[in-house]
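[1] generate coordinates for the sequence data below:
(one chain, ligands or ions: 1)
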Amino acid sequence: MTYSWNLGEQQKGSIGCRLIRDSEVPTALELTYSSTNKFTGEKRDFNYSVSIDSTPCNYGGQRYWFICPLILNDRSCHRRCRILYLPSGASYFGCRLCYNLTYRSRQEHRSWNYENARLFNKLRKVENKYIRAKRPWIREKYRRQIVATRAGIEQMCKTLEVKLLKTCKDLEK
Ligand SMILES: [Zn+2]
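    The predicted model follows:
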């Protein structure tokens, strides 16, 4: 099955999902997708598996979970989660906690933070130029750059939730 997403107008993509079973029991979900870095235009292909765990349900049957594949501060997350997230600008899917952790932990997501830091630096520089600019047309030029940079930051921070719930439902059938 394939999921498609559309974030704003700039980011579009699709994800290929393949359920891996071991004698009928789902053990992993293989993800295939490519993501394009909005800033460098560099395209990277990803192909990896996310493990699936199961726990018995109160009403009988099994409840299925993804095991978060992210590594933070040299430690694997391994949390059970129902939804995997791929924030805009990030490379790998992860659980909500991984992508909402403190700034310090977030630094481990290098590509994500690199771009965020770059935009914040740019914003600060342009704001300083704006404050010092005397001529109205130059101020206007910097004002526009500030608006564009802020929009870029907003876009970066907007979390792209690729909910694999449909997959969970399929698993529970
Ligand atoms: Zn996690």
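
[2] state the mean pLDDT of stretch 80-96.
    Mean pLDDT, computed over stretch 80-96, is 77.

[3] repeat that for stretch 68-75.
    85.

[4] that one vs the ion: in contact?
    Yes. Against the ion, stretch 68-75 shows contacts by Cβ under 5 Å from the ion at C68, L70. Where C-beta positions appear, they are placed from N, C-alpha and C, glycine not excepted.

[5] ends of that stretch, what's the gap?
    Distance between the two ends of stretch 68-75: 12 Å, counting by Cα to Cα, to the nearest Å.

[6] now that stretch: buried residues?
    Within stretch 68-75, the residues scored as buried using 16 or more other Cβ atoms under 10 Å are C68, P69, L70, L72.

[7] which strand residues bridge the nearest residue to S54 once chain neighbours are set aside?
    Nearest non-adjacent residue to S54, counting by Cβ to Cβ, 6 or more residues apart in numbering: Q62, 4.2 Å away. Residues in a beta bridge with Q62, per DSSP bridges, are P56.

[8] correct me, but Q62 touches D53?
    No. With contacts counted by Cβ atoms under 8 Å, Q62 stays clear of D53, the gap being 9.7 Å.

[9] understood, closing this out.
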